[in-house]
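Trainee: Sequence and predicted structure below; questions after.
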Amino acid sequence: MRLGWGDRITSDLTPPILYYAVSQGALAIEVRADDHEAIELCKRVSHQETRLRCTAERACLRVLEGGCSVPVGVASEIFVQGESGQVLRLTGCVTSVDGKDHVEYTVEDKVEDAEDAERAGEKLAKNLIENGAKKILDEIHADRQRRIAEETK
């Protein structure tokens with residue numbers, strides 16, 4: 001769009017067509033644990049919804065033991081659902097490198113704080129693992145180990 005080529009866009013690459021990387025687009029600031037002034041400043045600019053979504057997404061990735069080189073995608077949103085309060089909808093997917101195998105799962109949980117978000121992310125990862133993600137991730141890891149062994153010969 002910045003180049004004025006908006007008329008050339010034929011498709012939006014948004015979920016469920018393309019899931020994004022964990023915490024994509026979120027900004028983080030790291031400060032020393034004893035820097036109380038910086039901590040207080042950061043609290044004033046923090047965005048609760050973003051923090052909860054990123055916490056859930058990162059918890060999912062941590063349980064999957066994924067990283068930048070593992071094809072894991074997510075999508076998250078927080079919405080208000082009647083008397084239930086804030087609900088986090090978190091979708092995750094794991095896709096084989098060749099694209100032939102794909103596992104996708106969605107959880108919806110009430111979230112009030114980071115602990116709730118953490119549990120939702122862990123729950124999503126466990127469901128992905130139980131539904132085939134473990135096989136995909138094991139194959140990726142085995143392939144990585146094979147390539148490393150070949151390069152060190």
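Mentor: Nice, I can see it.
Trainee: Val63 versus Leu124, what's the distance?
Mentor: 8 Å (Cβ to Cβ, to the nearest Å). The C-beta positions use only the backbone N, C-alpha and C, and glycine is treated the same way.
Trainee: cool, Leu3 as well?
Mentor: Distance of Leu3 to Val63, given as Cβ to Cβ: 40 Å.
Trainee: Val94 belongs to a helix?
Mentor: No - if the criterion is DSSP: H, G, I helix; E, B strand; the rest coil, then Val94 is strand and not within a helix.
Trainee: sec struct for the nearest residue to Arg32 once chain neighbours are set aside, please.
Mentor: Excluding the flanking residues, the one nearest Arg32 by Cβ to Cβ, 6 or more residues apart in numbering is Ala38, at 7.3 Å. Secondary structure state of Ala38, per three-state DSSP, is helix.
Trainee: what's around Ala38, how many residues?
Mentor: When neighbours are counted by other Cβ atoms under 10 Å, Ala38 registers 13.
Trainee: next one: Arg62
Mentor: By other Cβ under 10 Å, neighbour count at Arg62 equals 15.
Trainee: Spell out, range by range, the helices that occur in the protein.
Mentor: Taking DSSP state H to define them, one finds helices in the chain at 36-45, 48-64, 114-128, 134-151.
Trainee: Please work out which residues outside the first one touch it.
Mentor: So the one you mean is helix 36-45. 29, 31-32 (Cβ atoms under 8 Å, 6 or more residues apart in numbering).
Trainee: which one of those residues has the most neighbours?
Mentor: Among those, Val31 has the most neighbours (other Cβ under 10 Å), with 12 neighbours.
Trainee: Report the contact partners of that residue.
Mentor: Taking Cβ under 8 Å, 6+ apart, we find Val31 in contact with 38-39, 42.
Trainee: what's the closest of those to Val87?
Mentor: Cys42 (26.4 Å; Cβ to Cβ).
Trainee: Please report the distance of the closest one from Ile29.
Mentor: 5 Å.
Trainee: Between Leu3 and Val63, tell me which one has more neighbours.
Mentor: Neighbour count, other Cβ under 10 Å: between Leu3 and Val63, Val63 has more, with 16 against 6.
Trainee: hang on, that one packs against Asn127?
Mentor: No - the pair Val63 and Asn127 fails to qualify as a contact (Cβ atoms under 8 Å) at a distance of 10.3 Å.
Trainee: Count the neighbours of Ile129 for me.
Mentor: Neighbour count of Ile129, defined by other Cβ under 10 Å: 19.
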